[in-house]
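S.K.: Build me a model from this:
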Amino acid sequence: MKANPKQLAATLLTAAEGKSGAALDETVYAFLEMMHGRGELHRTREVMRAVDTQWRKRYGVSRVSVESAHALPVKVQQAVDKLAKGADVFFSIDPSLIGGARVRVDDLVIDNTVLGRADRLKRQLMERI
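M.R.: Numbers count the residues shown, from 1 in each chain. Below you'll find the model as predicted:
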């Protein structure tokens with residue numbers, strides 16, 4: 001009986017729990033070998049989408065990105081990493097934001113940049129005209 005993508009994702013997450021580096025690479029490789037042996041390697045994309053969904057259920061968040069006008073201090077980056085435990089966290093710099101930061105947590109966007117505030121103000125003023 002073939003497992004559905006949700007079951008395969010749960011299996012991979014359980015096997016990978018607490019692993020990192022070479023141990024995690026070996027676990028993922030063994031999982032892909034198992035899928036290949038079962039003739040299910042063509043389902044990898046489905047399983048990866050299911051992994052993302054399962055990850056969110058287990059840890060609450062799967063991806064966090066922080067975009068700022070200037071480099072964030074290391075302590076701030078460490079605090080974000082700690083708050084987003086289990087998520088992929090990405091930091092980037094975009095000088096066009098002028099100041100502040102834009103945070104994306106999966107599909108939620110929190111824009112507290114100077115550019116974002118200026119755009120919101122412009123929209124509000126245009127609505128009154």
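
S.K.: Can you name the residues in contact with the helix or strand of the chain with the lowest mean pLDDT?
M.R.: The element with the least model confidence among the helices and strands of the chain, by mean pLDDT, DSSP states H and E, is helix 44-59, at a mean of 85. For helix 44-59, contacts defined as C-beta atoms under 8 Å, 6 or more residues apart in numbering pick out 5-6, 8-10, 12-13, 32, 35, 62, 85-87, 106. Any C-beta I mention is one placed from the backbone N, CA and C, and that applies to glycine too.

S.K.: What of stretch 105-120?
M.R.: Where contact means C-beta under 8 Å, 6+ apart, the residues beyond stretch 105-120 that reach it are 56, 61-64, 67-69, 84, 96-104.

S.K.: From those residues, which land in strands?
M.R.: Secondary structure assignment (DSSP state E) places 63-64, 67-68, 100-104 from the contacts of stretch 105-120 within strands.

S.K.: one step back: how far is the least confident helix or strand of the chain from where the chain is centred?
M.R.: Taking C-alpha atoms, centre = their mean, to the nearest Å, one finds helix 44-59 lying 11 Å from the centre of the chain it belongs to.

S.K.: Perfect, that will be all.
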